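S.K.: 3D, please:
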Amino acid sequence: MTNAPHATAGSPWRDATQAFPGNGSAQAKQAFEKMSAATGEAAALFKNSYSTAVKGAQDYNNKVLEFAQTNTEAAFALPKKLTGREIALRISWNCRPEHSRKQFETLTEQTKELAALAQKVTLATAEPLKTGVTKAFS
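M.R.: Alright, predicted model coming up:
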């Protein structure tokens, strides 16, 4: 039984079993290299997404501060122009609703602009992640 047909020198069975450890090692090395590359890509993807999100948050905060300054200046612009007597006359002539209406329209436009900026930042941050995850699983 020591000379079984599948164990003879030069047989296909023996050649295949001797080659197996080498193939397994090569496959493991290849799998490791693929995993390393995928991990590197994932890290770069998250780093890029984080940078995009931080930049977007900074842009959003800058816009909020800009609007706050504009609105504060607008709130004090009319009283600065008028004397005490003119202020009383304007209020009594019912001009105040017109100023309030203008301010409300400005605030509405600013809110729309902030919403659009928030959406832009969200999409800019999420799209690379979506693409990277799709690529990783395909």
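S.K.: which residues of the chain fall in strands?
M.R.: For the chain, strands defined by DSSP state E do not occur.
S.K.: distance check, the residue lying closest to Phe67 once chain neighbours are set aside against Val64.
M.R.: For Phe67, ignoring the flanking residues on the chain, the nearest one in space by C-beta to C-beta, 6 or more residues apart in numbering is Gln110 at 4.7 Å. C-beta here means a position set from N, CA and C on the backbone, and glycine is covered the same way. Using C-beta to C-beta, to the nearest Å, we find Gln110 at a distance of 9 Å from Val64.
S.K.: who has more neighbours out of the two?
M.R.: The neighbour count for Gln110 versus Val64, taken as other C-beta atoms under 10 Å, is higher for Gln110 (17 against 13).
S.K.: residue ranges in the protein under the pLDDT threshold?
M.R.: Within the chain, the segments meeting pLDDT under 70 span 1-23, 82-96, 136-138.
S.K.: next, name the residue at the spatial heart of this structure.
M.R.: Residue closest to the average C-alpha location in the chain (C-alpha atoms, centre = their mean): Thr125, at 1.5 Å.
S.K.: can you pull the contacts of the residue nearest to Phe67?
M.R.: Gln110 makes contacts with Phe67, Thr70, Asn71, as judged by C-beta atoms under 8 Å, 6 or more residues apart in numbering.
S.K.: separation between Arg101 and Lys112?
M.R.: Where Lys112 is concerned, Arg101 sits at a distance of 17 Å (C-beta to C-beta).
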